[in-house]
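Chemist: Give me a 3D structure for the following:
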Amino acid sequence: MSDARPGDPAPGFDLPLVGGGFRGLADVVQPGGGVILFLKATCETSRLVAPRLQPLARALEKEERLFLAVAQEDEAGARALRDELGLRYPIVWEGPPYAASAAYDVTTVPTLLVVDGAGFVAERVEGFVKREYLELGAGVEQALALGDIPAVLEGPESLPDLQPG
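Modeler: Numbers count the residues shown, from 1 in each chain. The predicted model follows:
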């Protein structure tokens, strides 16, 4: 089994989408890769990072790519997190035993992964280190063969340099 580090194949998953339907790895990979963000409502770092990533989600959407959050919650918890933080990107949810999270070896939330169009992990960021998120744009552009991506984080100047997940 992969631990979903850069260069590894991204493990497959298909989870229920808040609001109905399902989304999974196939939706991220086609038509050319995207981003997966693992998060949890009770994690203050997830709550700090998730809304600040909306510029990246909007940029990917314009390029017809998917930014998909995986909430370690039940459906009501994932919906409440989305509504409370004003998240505008798709959110799927999974309860215990958190099979998708385990397949990606997620031990810290948030964990963000860039998956390329061939289904391989191109970038992985765990917790919150501002420098890593600020450098992420170039990795997203290269891995997903996109033009210029705007700043990945909204309002980075007001964020701490480090906040563990």
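Chemist: I'd like to know which elements the one helix or strand in the chain whose mean pLDDT sits lowest is packed against.
Modeler: The weakest-scoring helix or strand in the chain, judged by mean pLDDT, DSSP states H and E, is helix 130-143 (a mean of 86). On a contact count with 3 or more CB pairs under 8 Å, 6 or more residues apart in numbering; DSSP states H and E, helix 130-143 meets helix 54-62, strand 111-116, strand 121-126. All C-beta atoms are positioned from the backbone trio N, CA, C, and that covers glycine.
Chemist: Direction-wise, compare the longest one with strand 111-116 and give the angle.
Modeler: Interaxial angle, helix 54-62 versus strand 111-116 (axes from the mean of the first three to the mean of the last three CA atoms, to 10 degrees): 20 degrees.
Chemist: what packs against helix 54-62?
Modeler: When contacts are defined as 3+ CB pairs under 8 Å, 6+ apart, helix 54-62 sits against strand 33-39, strand 67-71, helix 130-143.
Chemist: CA atoms of it as CSV?
Modeler: What follows is helix 54-62, C-alpha atoms only, in CSV (Å, rounded to 0.1, in the frame of the first residue of the first chain):
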residue,chain,number,x,y,z
GLN,A,54,-10.3,29.2,-1.6
PRO,A,55,-8.2,31.2,-4.2
LEU,A,56,-6.5,27.9,-5.2
ALA,A,57,-9.9,26.1,-5.4
ARG,A,58,-11.3,28.9,-7.6
ALA,A,59,-8.2,28.9,-9.9
LEU,A,60,-8.4,25.1,-10.3
GLU,A,61,-12.1,25.3,-11.1
LYS,A,62,-11.4,27.9,-13.8
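Chemist: List the buried residues of that helix.
Modeler: 54, 55, 56, 57, 59, 60 (16 or more other CB atoms under 10 Å).
Chemist: between those, which is nearest residue 98?
Modeler: Taking CB to CB as the measure, residue 98 lies nearest residue 57 of the buried residues of helix 54-62, at 22.5 Å.
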